[in-house]
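Enquirer: following is a predicted model, sequence given first.
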Amino acid sequence: MARVSGTVDREVRRSGDTTIRYTVSGSGEGPTVVFVHGWACHRKDYEAVTGHLPGEFRVIAVDLAEHGESRSTRDVWTIEEFGRDVVAVLDAEAVRECVVVGHSLGGAVAVEVGRLCPDVVTRIVALDALHYLFLFEALDEEQAEGLLRPAREDFAGLVRGMVEAGSPAGTDEALKNAHFEKMVAVRQPAGVRAFEGLVAWDMGEALNDVKQPITVFGVRSLVTREAVERLGSRVELVLVDLGSHHFHVESPKATAELVAGVVNV
């Protein structure tokens, strides 16, 4: 049954002049699902997905610091600190148990939330995240610099390159342009600093620490054999054909069905 309850926008304040904005919807009679957007994106990416989820779900969609409507003047832009943005929302909403769903960088944030709240987060779901080993794996100094230099010198070029890399052959150009326009408009320095935080993140260490089951929905044509071999023993990797790296925006109903299926396990 699709949701019929309205939505309410709320905020929670953190240190560093940080205000995290988020949206809550649903009756709250069923499980709680928390959505975390990807790099240079925002919580409105999940509006259509939310509309296709069961009405009894309590759904919380969060804008990370300096993304969407959230604001911050802080100096720390690690994946863990983004995780603390989400934890602040969980505390404000008195969430006792939830599934955390994250897209792209948000998948890494979801893992950190699981690490920070082992007794609250029951399952982690990554939407086309974690399997990009060139980005999510721990990198040496030279590899990291090769990724970070474009972020600092040609941010728009980096965004365009990431959109292209996440677009299977035949992806509509208008869709790619829409994703680019949204992402390139992210507030700075958060756009660059968030990317730095992702490059510095040690996925292997994080995956070793978290105990929750992790499901990764990866775009079939973008998942490599190396990633399957690397992650297969730790995560449930499900290949999907729903669009590009941003398939939750392009195929919200099918994405909602995937999420609901995992939540109801």
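Expert: Everything's here; your move.

Enquirer: all the helices of the stretch 1-150 of the chain, in order from the start?
Expert: Listed in chain order, the helices of the stretch 1-150 of the chain (DSSP state H, counting those that start in this stretch) span 47-51, 79-92, 105-116, 133-136, 141-153.

Enquirer: what residues does whichever helix or strand comes after the last one touch?
Expert: Counting by DSSP states H and E, the next helix or strand C-terminal to helix 141-153 is helix 155-165. The contact list for helix 155-165, computed with CB atoms under 8 Å, 6 or more residues apart in numbering, reads 39-40, 150-151, 176, 179-180, 183-184, 188, 191-192, 195, 245. Where you see a C-beta, it was placed from the backbone N, CA and C, and this is true even at glycine.

Enquirer: circling back: so which of the helices of the stretch 1-150 of the chain gets nearest residue 215?
Expert: Evaluated with CB to CB, these place helix 105-116 nearest to residue 215, the distance being 10.4 Å.

Enquirer: helices and strands around the closest one, which ones?
Expert: Contacting helix 105-116 under the criterion 3 or more CB pairs under 8 Å, 6 or more residues apart in numbering; DSSP states H and E are the following elements: strand 32-36, helix 79-92, strand 98-103, strand 121-127, helix 190-200, helix 203-209.

Enquirer: could you give the angle of the first one to strand 98-103?
Expert: Interaxial angle of strand 32-36 relative to strand 98-103 (axes from the mean of the first three to the mean of the last three CA atoms, to 10 degrees): 20 degrees.

Enquirer: report the central residue of this protein.
Expert: residue 106 (2.1 Å; CA atoms, centre = their mean).

Enquirer: measure that one to residue 149 for me?
Expert: Relative to residue 149, residue 106 is positioned 24 Å away (CB to CB, to the nearest Å).

Enquirer: for the closest residue to the residue nearest to the centre of the chain other than its chain neighbours, what are its contacts?
Expert: Using CB to CB, 6 or more residues apart in numbering and skipping the chain neighbours, the partner closest in space to residue 106 is residue 36 (3.6 Å). By CB under 8 Å, 6+ apart, the contact list for residue 36 reads 62, 64, 82, 86, 100-103, 106-107, 109-110, 113.

Enquirer: who's residue 36 bridged to?
Expert: residue 62, residue 102 (DSSP bridges).

Enquirer: if I look at the residue lying farthest from the centre of the chain, how far off is residue 194?
Expert: What lies farthest from the middle of the chain is residue 142; by CA atoms, centre = their mean that is 26.2 Å. Separation of residue 142 from residue 194 (CB to CB) stands at 22 Å.

Enquirer: what's the answer for residue 89, then?
Expert: When residue 89 is compared with residue 194 (using CB to CB), they lie 18 Å apart.

Enquirer: cool, residue 151 as well?
Expert: Where residue 194 is concerned, residue 151 sits at a distance of 9 Å (CB to CB).

Enquirer: give me the more crowded residue out of those two.
Expert: Each of residue 151 and residue 194 has its neighbours counted (other CB atoms under 10 Å); residue 194 has more, 26 against 19.

Enquirer: quick check: pLDDT value at that one.
Expert: As predicted, residue 194 sits at a pLDDT of 97.

Enquirer: the one 4 residues further on now?
Expert: Per-residue pLDDT puts residue 198 at 97.

Enquirer: ok, it touching residue 108?
Expert: Yes. Using CB atoms under 8 Å, residue 198 makes contact with residue 108 at a distance of 6.2 Å.

Enquirer: a markdown table for the helices of the stretch 1-150 of the chain, including distance to residue 251?
Expert: Output for the helices of the stretch 1-150 of the chain, formatted as a markdown table (distance: least, CB to CB, whole Å):
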| stretch | distance to residue 251 |
| --- | --- |
| helix 47-51 | 9 |
| helix 79-92 | 24 |
| helix 105-116 | 17 |
| helix 133-136 | 23 |
| helix 141-153 | 29 |
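
Enquirer: want to throw the ones you listed into a markdown table with mean pLDDT?
Expert: Formatted as a markdown table, the helices of the stretch 1-150 of the chain follow (pLDDT from 0 to 100):
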| stretch | mean pLDDT |
| --- | --- |
| helix 47-51 | 97 |
| helix 79-92 | 98 |
| helix 105-116 | 98 |
| helix 133-136 | 94 |
| helix 141-153 | 92 |
